[in-house]
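Trainee: sequence first, predicted coordinates after that:
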Amino acid sequence: MTTMESLIGLVNRIQRACTMLGDYGGGDNAFSSLWEALPSVAVVGGQSSGKSSVLESIVGRDFLPRGSGIVTRRPLVLQLHKTEQGSQEYAEFLHLPKRRFSDFSLVRKEIQDETDRITGKTKQISAVPIHLSIYSPYVVNLTLIDLPGLTKVAIEGQPESIVQDIENMVRTYVEKPNCIILAISPANQDIATSDAIKLAREVDPSGERTFGVLTKLDLMDKGTNALDVLEGRSYRLQHPWVGIVNRSQADINKNVDMIVARRKEREYFATSPDYSHLASKMGSEYLAKLLSQHLESVIRARIPSITSLINKSIEELEKEMDHLGRPIALDAGAQLYTILELCRAFDRIFKEHLDGGRPGGDRIYGVFDNQLPAALRKLPFDRHLSLQNVKRVVSEADGYQPHLIAPEQGYRRLIEGALNHFRGPAEASVDAVHFVLKELVRKSIGETQELKRFPTLQAEIAAASNEALEKFRDESKKTVIRLVDMESSYLTVDFFRRLPQEIEKIGNAANPATPAAPAVDRYAEGHFRRIGSNVSSYVNMVSETLRLTIPKAVVYCQVREAKQSLLNYFYTQIGKKEAKQLSQLLDEDPALMERRLQCAKRLELYKAARDEIDSVSWAR
Ligand SMILES: Nc1nc2c(ncn2[C@@H]2O[C@H](COP(=O)(O)OP(=O)(O)OP(=O)(O)O)[C@@H](O)[C@H]2O)c(=O)[nH]1
């Protein structure tokens, strides 16, 4: 008994959790439905077939709305919990937790009100179920789903489609292989025309999950009986048919007590000349017990597959959640933290590229080792120091008075003119490194997995990084140009001191210790060639210096800065942003956010269900 109570109770609890998370079978759902895996009993019948009466008689209480037309417009999941003898009966709605109804007429009113809350007063139908639990010593543990009565015509104020809508809704419940169908047919109607049997036959042709219930036996014409149906000759089902005698409308009007009605029903069968031989297997109390036992055995058989479905779903959902990433916090502080973490993740990868953990940083060395030396080599010094140009520059610098000893001004002009050429390769190195860094930013953003979800933040980080790189580039350019200008502003004196002096050579001609130098004609070509070659040596020396110092400046101004403070300015800007702007930065694809939310809810449901099942297994 404990097992039975706990098994049906278990399914009840899981069903409630399902409903709270919007999983109630039927409706569209992007997820596999746990609800659908749970066995349940759906009550199906044509209008006025006596569905409500059967349910009330199983419960032993008046609590369902009555009236003309389609009264049941939302599924009612009725969970019956047997309590100890002597304890008070009460009802509870899932949508009104903690409120106990002991007056069952208020339960009826709440069902009506809650139906209207979702469907409006329009007499529309809705697939969202109402959950009602009844705790009573007079019930058996059982869960029944009351569905709108199948109808053939719409009444006034209802759309024509309602007939089909109701059938579709009922069908979504009964076509599930785990649904036990309680098919209600009135005995005073030909069974061949029963809406309930018609639908049951369609969805359960072998009749293994259909329980046939025949109401209104007392209303049959005198001299006729329903033995052909009750004994399974008219329509065969795997389970025996159960005959029922509910309260008549007159009884209801007279407020005949349900307990009295149950007793009268028992007496009816016991004393009926037609049905007394079946009396022990007739009536609403017997039906309730039969269903309870059947439901329990079905649940027991299904537990292993439900457990494996749950475990499989948990595994899949966890995998999907991993893939989707953690949900974004709602408060500004946590969002700021998330943004900074994402920036740091990007920054880490960017640094790895520079430091050799990832490829790309070596391209910077390529600039220093190949590009810069090649550019320096290609500078047009040959042209600048051609004999003709040297002559021209020196003469111009001399003016009307040709130089007497050495063309000081001429040298300076030739050197300055040559050094100016170094600006080009210096700036080109800065640009080349800039483009390598930019490319590494782009690569690093792509490689930061955590950022993938946030296209806006990606774009912002890229923009901020590029802006910072531009600044570093400007600074770097200024520095390398300064290096070049420094070379122009003060020439290396030692170089010229070490040059052989033509004058001295001439003066020493008489000295036999030194070989006699040919007398130099200061205005002959040889003289200018020597000037050209001296300037060329000087320029080569400077070129060698710059080849070594430009990389130092570039690394100092660009690479080192990028490593240390690529996002510094961005960080200060982020710190000033309002909550709304922060969440804009974290604006994920809404579909993705929704999916994560749904996954999380689902996961919670499945985990709760697993815990429930575990707790029952322990109790057994
Ligand atoms: N005499 C007698 N009347 C019954 C029996 N079952 C139901 N009735 C009456 O038939 C009418 C319809 O019964 P309900 O239980 O309201 O039927 P329903 O299928 O729930 O109807 P809807 O919710 O409108 O679809 C009521 O007046 C009941 O009193 C029965 O076994 N015998």
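Mentor: Received it, and whenever you're ready, just let me know what you need.
Trainee: go through the helix or strand containing Asp116 and flag the buried ones.
Mentor: Following DSSP states H and E, one finds Asp116 within helix 104-119. For helix 104-119, a neighbour-count test (16 or more other C-beta atoms under 10 Å) marks 104, 107-108, 110-112, 114-115, 118 as buried. Every residue, glycine included, has its C-beta placed from N, CA and C.
Trainee: can you add pLDDT and give those residues back as TSV?
Mentor: TSV is the format used below for those (pLDDT from 0 to 100):
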residue	pLDDT
Phe104	89
Val107	92
Arg108	90
Glu110	92
Ile111	92
Gln112	89
Glu114	90
Thr115	88
Ile118	82
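Trainee: contact partners of the following helix or strand past the helix holding Asp116?
Mentor: Using DSSP H and E, the helix or strand that follows helix 104-119 in sequence is strand 130-136. Applying C-beta atoms under 8 Å, 6 or more residues apart in numbering, the contact partners of strand 130-136 are 12, 15-16, 19, 59-61, 63, 74-83, 87, 89-95, 107, 111, 114-115.
Trainee: list the neighbouring strands of strand 130-136 plus their orientation.
Mentor: Strand 130-136 has the following strand partners under DSSP bridges: strand 76-82 (parallel), strand 90-93 (antiparallel).
Trainee: number of nearby residues for whichever residue of the stretch 101-250 of the chain sits closest to the ligand?
Mentor: With C-beta to the nearest ligand atom, the shortest gap between the stretch 101-250 of the chain and the ligand falls at Gly149, namely 2.8 Å. For Gly149, the count of nearby residues is 25 (other C-beta atoms under 10 Å).
Trainee: residues touching it, list them.
Mentor: Counting by C-beta under 8 Å, 6+ apart, Gly149 has contacts 45-49, 51, 70-72, 166.
Trainee: nearest to Thr271, of these?
Mentor: Minimum separation from Thr271 among those (C-beta to C-beta) is found for Ser49, which lies at 24.9 Å.
Trainee: need the three-state assignment for the spatially most central residue of the chain.
Mentor: Centrality entry for the chain: nearest residue to the mean C-alpha point is Arg596, 3.2 Å, by C-alpha atoms, centre = their mean. Three-state assignment for Arg596 (DSSP: H, G, I helix; E, B strand; the rest coil): helix.
Trainee: which ones are touching it?
Mentor: Contact analysis of Arg596 by C-beta under 8 Å, 6+ apart lists 321, 324-325, 327.
Trainee: which PyMOL command selects the buried ones in those residues?
Mentor: The buried subset of the contacts of Arg596, as determined by 16+ other C-beta under 10 Å, is captured in PyMOL by this line:
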select buried, resi 321+324
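Trainee: which one of the contacts of Arg596 sits closest to Ser194?
Mentor: Met321 (47.8 Å).
Trainee: wait, isn't that closest one in contact with Arg602?
Mentor: No - assessed by C-beta atoms under 8 Å, Met321 is found out of contact with Arg602, at 9.6 Å.
Trainee: out of the contacts of strand 130-136, which are buried?
Mentor: Buried among the contacts of strand 130-136 (16+ other C-beta under 10 Å): 12, 15-16, 19, 59-61, 63, 74-82, 89-94, 107, 111, 114-115.
Trainee: report how many residues lie close to Ala600.
Mentor: Other residues close to Ala600 by other C-beta under 10 Å number 14.
Trainee: what helix or strand is it located in?
Mentor: Using DSSP H and E, Ala600 falls in helix 590-619.
Trainee: give the contact list for Asp204.
Mentor: By C-beta under 8 Å, 6+ apart, the neighbours of Asp204 are 174, 181, 210.
Trainee: you'd agree the last one is up against Tyr235?
Mentor: No - counting by C-beta under 8 Å, Tyr235 is not a contact partner of Thr210; they are 9.5 Å apart.
Trainee: of these two, who's got more company?
Mentor: Between Thr210 and Tyr235, counted using other C-beta under 10 Å, the more crowded position is Thr210 (26 against 19).
Trainee: within reach of the ligand, which of the contacts of Gly149 are there?
Mentor: Filtering the contacts of Gly149 for neighbours of the ligand using C-beta under 6 Å from any ligand atom leaves 45, 47-49, 51, 71-72.
Trainee: out of those, list just those in helices.
Mentor: The helices, defined by DSSP state H, take in Lys51 from the ones next to the ligand among the contacts of Gly149.
Trainee: could I get the ones next to the ligand among the contacts of Gly149 as a markdown table with pLDDT?
Mentor: Below are the ones next to the ligand among the contacts of Gly149 laid out as a markdown table (pLDDT from 0 to 100):
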| residue | pLDDT |
| --- | --- |
| Gly45 | 93 |
| Gln47 | 86 |
| Ser48 | 86 |
| Ser49 | 90 |
| Lys51 | 91 |
| Val71 | 75 |
| Thr72 | 82 |
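Trainee: the ligand contacts on this structure?
Mentor: 45, 47-53, 66, 71-72, 149, 215-216, 218-219, 244-249, 252.
Trainee: buried ones among the residues you listed?
Mentor: 45, 47-53, 71-72, 149, 215-216, 218, 244-247.
Trainee: tell me the helix or strand right after the helix or strand of the chain with the lowest mean pLDDT.
Mentor: Each helix and strand of the chain was given a mean pLDDT (mean pLDDT, DSSP states H and E); the minimum falls on helix 502-507 at a mean of 47. Counting by DSSP H and E, the next helix or strand C-terminal to helix 502-507 is helix 525-554.
Trainee: and the next helix or strand along the chain from that following helix, what does it pack against?
Mentor: Stepping forward along the backbone from helix 525-554, the first helix or strand reached (DSSP H and E) is helix 560-565. Judged by 3 or more C-beta pairs under 8 Å, 6 or more residues apart in numbering; DSSP states H and E, helix 560-565 is in contact with helix 332-355, helix 455-489.
Trainee: give the buried residues for the first one.
Mentor: Same thing as helix 332-355. Neighbour counts over helix 332-355 (16+ other C-beta under 10 Å) mark 335-336, 338-339, 342-343, 345-347, 349-354 as buried.
Trainee: got the angle for that helix vs helix 455-489?
Mentor: Inter-element angle recorded for helix 332-355 and helix 455-489: 50 degrees (by axes from the mean of the first three to the mean of the last three C-alpha atoms, to 10 degrees).
Trainee: which residue does the stretch 451-600 of the chain bring closest to the ligand?
Mentor: For the stretch 451-600 of the chain, C-beta to the nearest ligand atom, closest residue to the ligand: Gln598, 34.3 Å.
Trainee: how close does that residue sit to Ile328?
Mentor: Here Gln598 is placed at a distance of 15 Å from Ile328 (C-beta to C-beta, to the nearest Å).
Trainee: can you check Ala187 too?
Mentor: Distance of Ala187 to Ile328, computed by C-beta to C-beta: 61 Å.
Trainee: which one of those two is surrounded by more residues?
Mentor: Between Ala187 and Ile328, counting by other C-beta under 10 Å, Ala187 is the more crowded of the two (21 against 18).
Trainee: check contacts around that one.
Mentor: The contact partners of Ala187, taken as C-beta under 8 Å, 6+ apart, are 214-217, 219-220, 226, 229, 243.
Trainee: in a markdown table: these, plus secondary structure and pLDDT.
Mentor: Below are the contacts of Ala187 laid out as a markdown table (DSSP: H, G, I helix; E, B strand; the rest coil; pLDDT from 0 to 100):
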| residue | secondary structure | pLDDT |
| --- | --- | --- |
| Leu214 | strand | 95 |
| Thr215 | strand | 94 |
| Lys216 | coil | 94 |
| Leu217 | helix | 93 |
| Leu219 | helix | 91 |
| Met220 | coil | 91 |
| Ala226 | coil | 91 |
| Val229 | helix | 91 |
| Gly243 | strand | 94 |
